[in-house]
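Okay, structure incoming, though there's no sequence with it:
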């Protein structure tokens, strides 16, 4: 069965560059349906670029990025990318296609350790860690087939991180998960395969 | 606490402006006194009419049957010009934001309209259109570049990161406008409207003074000038200022009230059930 039939993401001899800076060169990989992959590597090795290529936010300078048709993505970006003037619940409702009740979102946020009173505070007033978890909950609750996370746990203390990982795994629903991280323990905690990139 | 996309109307030291109205009132009284004294010193009502005479004339004008008809005539036309410019400027800004060729296409006429004196336009337009509708066109021409350029600048400030987020999560166009584009553009739009509301009245009345359409405020101003009725000239000027300020305040109030949904009130959790 080839990659197109199985609905997996496939990168074939992909290169990406910014001007004369070649970030990714001749890179091939496949992400099977329902798989969990942690991408690790030193800063500047192209983890974020790889995720952006898969998300379609960056065209490859060479090679093919194959994403099955009609597949939906959700993502945690390197920055939180939340709407400052909206509270956490509305930020999440904004990306949910299906009807989702505020109480359900509230309990999801509380599962990651965000207190109830903070669910209705404009996100600009939340701490960095709370905003990060809001971004994670948004990506997890969004209607998607692929979940991509770019260093999702940065700024989280170990206990909060564990709670957040439990929330992700509980709500993953056999979706393909691709996470870029610097922490080797994340591979184990997410029960994921490891993909190492080098400069 | 309530957060809003609108600027907080507090002083920089954080104290509310309790005495703002008192000081404003005193300032107005001071300048009225200066006016009265100057008029008294000159001693000729034709050269400088006293505020008391102007108020008396204004009171008489309001009681005349044709007063509200005259105000309505000018208001309707100037408002039409303003509203068309807001809609047209908004649409043109959206198109120019998405299509660089459209932005390039719009640049010369917008620059020309901005740089050309309003009197030139009034005289030029009088050749092509009847004087009755001159103020509509002139108001439109004065407001359009302000709305267009301000909204375009606001759209340019929309963060690329949020646009990418909206793309990845496939947020619908309406939600994007409401949640991403509108909050960013709102301050620019409010500022553009505030600036152009005064300008459209000034230019619209100027057009009427030159075009002299029957039953307009401009015509009344012109007649007052011809017959050296300084009190009437001042009275109509006060009417123009009052209607312009009232229009501006009402429009900006409605604009703000219409977009209260962008506000977040955590105490009452008022938007807990709001459908985005």
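Looks like it arrived, so ask away. On a predicted model such as this, the values are computed, not experimentally measured, just so you know. Residues are numbered from 1 along each chain as shown, chains lettered A, B, ... in the order given.

Please count neighbours and contacts with C-alpha atoms only from this point.
Fine.

where do the helices sit along the chain?
Going with chain A. Secondary structure of chain A by DSSP state H: the helices cover A:3-6, A:47-55, A:88-95, A:102-111, A:128-141, A:158-170, A:185-189.

if you could check chain B rather than the one you did, that'd help
So, for chain B - with DSSP H - the helices run B:20-42, B:51-63, B:67-98, B:100-115, B:118-128, B:134-156, B:160-168, B:173-176, B:182-211, B:217-226, B:230-258.

can you give me the angle the longest one makes with helix B:230-258?
If I follow you right, that is helix B:67-98. 50 degrees (axes from the mean of the first three to the mean of the last three C-alpha atoms, to 10 degrees).

relative to helix B:51-63, how tilted is helix B:67-98?
Using the same axes, to 10 degrees, helix B:67-98 lies at 90 degrees relative to helix B:51-63.

For the residue lying closest to residue A:59 once chain neighbours are set aside, grab the count of nearby residues.
Take residue A:59 and drop its neighbours on the chain: the residue closest to it by C-alpha to C-alpha, 6 or more residues apart in numbering or on different chains is residue A:53, 6.3 Å away. Using other C-alpha atoms under 10 Å in any protein chain shown, residue A:53 has 20 other residues around it.

got a list of what residue A:53 touches?
Residues near residue A:53 by C-alpha atoms under 8 Å, 6 or more residues apart in numbering or on different chains: A:59, A:60, A:65.

Now for the most centrally placed residue in chain B: which residues touch it?
In chain B, the residue lying closest to the centroid (C-alpha atoms, centre = their mean) is residue B:197, at 0.9 Å. The contact partners of residue B:197, by C-alpha under 8 Å, 6+ apart, come to B:82, B:143, B:244, B:247, B:248.

how near is the residue nearest to residue A:77 when sequence neighbours are not counted to residue B:57?
Among residues not flanking residue A:77 along the chain, residue A:150 sits closest, at 5.3 Å (C-alpha to C-alpha, 6+ apart). Using C-alpha to C-alpha, to the nearest Å, we find residue A:150 at a distance of 72 Å from residue B:57.

One more: residue A:70?
73 Å.

more neighbours, these two?
residue B:57 (18 against 7).

Tell me if I'm right that the more buried one and residue B:231 touch.
Yes: using C-alpha atoms under 8 Å, residue B:57 is in contact with residue B:231, at 6.4 Å.

Return the residues of the stretch 51-200 of chain B in contact with chain A.
B:161, B:162, B:164, B:165, B:168, B:169, B:170, B:171, B:175, B:179, B:180 (C-alpha under 8 Å from any C-alpha of the partner chain).

who's in contact with the first one?
So that's residue B:161. residue A:81 are the contacts of residue B:161 under C-alpha under 8 Å, 6+ apart.

Could you check the pLDDT of it?
Turning to residue B:161, the model gives it a pLDDT of 94.

Okay, it and residue A:57: tell me how far apart.
In terms of C-alpha to C-alpha, residue B:161 sits 11 Å off from residue A:57.

can you check the second one too?
Plainly put, residue B:162 is 12 Å away from residue A:57 if you go by C-alpha to C-alpha.

try the fourth one
If you measure residue B:165 against residue A:57 using C-alpha to C-alpha, the figure is 10 Å.

Those two: which is more packed in?
residue B:165 (21 against 14).

Could you pull up the residues touching the closest residue to that one other than its chain neighbours?
Excluding the flanking residues, the one nearest residue B:165 by C-alpha to C-alpha, 6+ apart is residue A:81, at 6.8 Å. Neighbouring residues of residue A:81 by C-alpha under 8 Å, 6+ apart: A:135, B:161, B:162, B:165.

Which pair of the residues you listed spans the longest distance?
A:135 and B:161 (13.3 Å; C-alpha to C-alpha).

May I have the phi/psi pair for residue A:96?
Dihedral angles of residue A:96 (phi, psi; degrees, to the nearest 10) stand at phi -90, psi 120.

Residue B:62 - how many residues pack around it?
13.

and it, how far is that from chain A?
Here residue B:62 is placed at a distance of 46 Å from chain A (C-alpha to the nearest C-alpha, to the nearest Å).

Could you find the closest non-adjacent residue to that residue?
residue B:68 (7.5 Å).

low-scoring stretches of chain A, by residue?
A:1-7 (pLDDT under 70).

again, only using 90
A:1-8, A:17-23, A:33, A:43-45, A:68-71, A:84-85, A:96-102, A:155, A:173-174, A:197-199 (pLDDT under 90).

Looks like residue A:58 contacts residue A:51 (just checking).
No: look at residue A:58 against residue A:51 with C-alpha under 8 Å: they stay out of range, at 9.0 Å.

For the two, indicate the residue with more neighbours.
residue A:51 (21 against 14).

Could you pull up the residues touching that one?
Applying C-alpha under 8 Å, 6+ apart, the residues near residue A:51 are A:148, A:150.

before we move on, back to that, how close does the residue nearest to residue A:59 sit to residue A:24?
10 Å.

cool, residue A:86 as well?
Look at residue A:86 and residue A:24: by C-alpha to C-alpha, they are 37 Å apart.

picking up where we left off before, out of the residues of the stretch 51-200 of chain B next to chain A, which end up buried?
For these, a burial check counting by 16 or more other C-alpha atoms under 10 Å in any protein chain shown picks out B:162, B:164, B:165, B:168, B:169, B:170, B:171, B:179, B:180.
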